[in-house]
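Q: quick one: sequence and predicted model below, then my questions.
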Amino acid sequence: MAKRERVEGRNERAFVSIITINYNQAEITRQFLESAKTLNYPHYEIIVVDNASVQPFEATIDPTLFPTLQIVRSEVNLGFTGGNNLGIQVAKGDYYFIVNNDTELSPTLLDELLKPFMENEQVGVTCPKIRFFDAPQLVQYAGYNPINMFTGQATAIGFKQKDDGQFDQPHPTYFAHGCAMMVSRNVVERVGRFAERFFLYYEELDWSQRIRNAGFLIYYQPSASILHKESVSVGQNSPLRTYYLTRNRILFMRRHCSVFQRLVFFLFFSAFVFPKHVGTYLLSGRLRHAKAFVNGAIWNLTSPSISPV
């Protein structure tokens, strides 16, 4: 009991760094900052990484309206991975809450995300229940199923299912969701930051795998809830999205599979995934998506290194 009391006391005074990225979305980010004003937890800072926006974010707002705000400007687009790593670099928190700017925060969000850390020192990451902003009755994330190490397919628990309370049980899960994840400073010191070679997509799966490999738990905390304006930054039908999803799905498998698993995956991808996707894109006239898919696959042939970063 003494041990738990000591852990709880430490976390009740914990300082949280909220880290988000702005990329040419000043109004979306401003709305995010407004929602942060409702937070009950008092000990936090907000770091907005302005990721080479055409118009600097600092010029679009009155900083005096957001006294906990720090804006960090990058003159080059570092992607999701590099942008968040820059935010972590300057953050002062005991915990880093990495969160998309296209979200709406709830008042008790930080309080609830901190609770699992208080109860179990093995917890390294906590994630809230994520629901869709435009359809809040539908779940986007209630944890992750294990990834199929032969096909590279990963599925979020509860995705697009109506929330009738069936996802209200907290539990360890296989992967965090990059939209909203609280990570302890201890994890970053032990495991490192995001692997920047991912840039966009699969980066949280890679980081989660490394975190679990280091012996930490990733924990789904449904009493914490957040609303997500899905894919405002890139868009669901963007060729850029197709490119990075293809490229990084293969990259993840190269980094984390056994030799046998990689062999099966490459056979599966070559025989089924590649012809199916390219054929579908061509038949539907989406030539840019077909090109993006092919380029994403080819990237892995010309980039042999699978180093941790």
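A: Thanks, I have it. Numbers count the residues shown, from 1 in each chain.

Q: got any ranges where the stretch 151-300 of the chain has weak pLDDT?
A: In the predicted model of the stretch 151-300 of the chain, residues 231-236 satisfy pLDDT under 70.

Q: all helices of the stretch 201-309 of the chain, in order?
A: 203-213, 239-256, 259-268, 274-283, 287-302 (DSSP state H, counting those that start in this stretch).

Q: which helices and strands sit right next to the second one?
A: Read it as helix 239-256. Under the contact definition 3 or more Cβ pairs under 8 Å, 6 or more residues apart in numbering; DSSP states H and E, helix 239-256 sits against helix 203-213, helix 259-268, helix 287-302. In this view, the C-beta of every residue, glycine as well, is placed from N, C-alpha and C.

Q: helix, strand or coil for the residue nearest to the spatial centre of the chain?
A: Compute the mean C-alpha point of the chain, and by Cα atoms, centre = their mean the closest residue is residue 178, 0.8 Å away. Each residue gets one of three states, and residue 178 gets coil by DSSP: H, G, I helix; E, B strand; the rest coil.

Q: with adjacent residues omitted, what lies nearest to it?
A: On the basis of Cβ to Cβ, 6 or more residues apart in numbering, the spatially nearest residue to residue 178 that is not a chain neighbour turns out to be residue 204, at 3.7 Å.

Q: surely residue 51 touches residue 71?
A: No - taking contact to mean Cβ atoms under 8 Å, the distance of 11.3 Å between residue 51 and residue 71 leaves them out of contact.

Q: and those two? Which one has more around it.
A: Taking other Cβ atoms under 10 Å, residue 51 and residue 71 do not tie; residue 51 has more neighbours (25 against 17).

Q: could you give the average pLDDT over the helix or strand where residue 112 lies?
A: Assigned by DSSP states H and E, residue 112 belongs to helix 109-119. Here the mean pLDDT over helix 109-119 is 97, rounded to a whole number.

Q: likewise for stretch 29-48?
A: For stretch 29-48, the per-residue pLDDT averages 97.

Q: just the buried positions in that stretch, please.
A: Residues 29-33, 35-36, 39, 41, 44-48 are the ones in stretch 29-48 that count as buried (16 or more other Cβ atoms under 10 Å).

Q: among those, which are located in strands?
A: Using DSSP state E, 44, 45, 46, 47, 48 are the members of those that sit in strands.

Q: same list, the residues you listed, but as CSV with distance to residue 92 please.
A: Conversion of these to CSV gives the following (distance: Cβ to Cβ, whole Å):
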residue, distance to residue 92
44, 10
45, 6
46, 12
47, 9
48, 15
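
Q: ok, so of these, who is nearest residue 195?
A: Nearest to residue 195 among those is residue 47, at 20.3 Å by Cβ to Cβ.

Q: helix, strand or coil for residue 107?
A: What three-state DSSP gives for residue 107 is coil.
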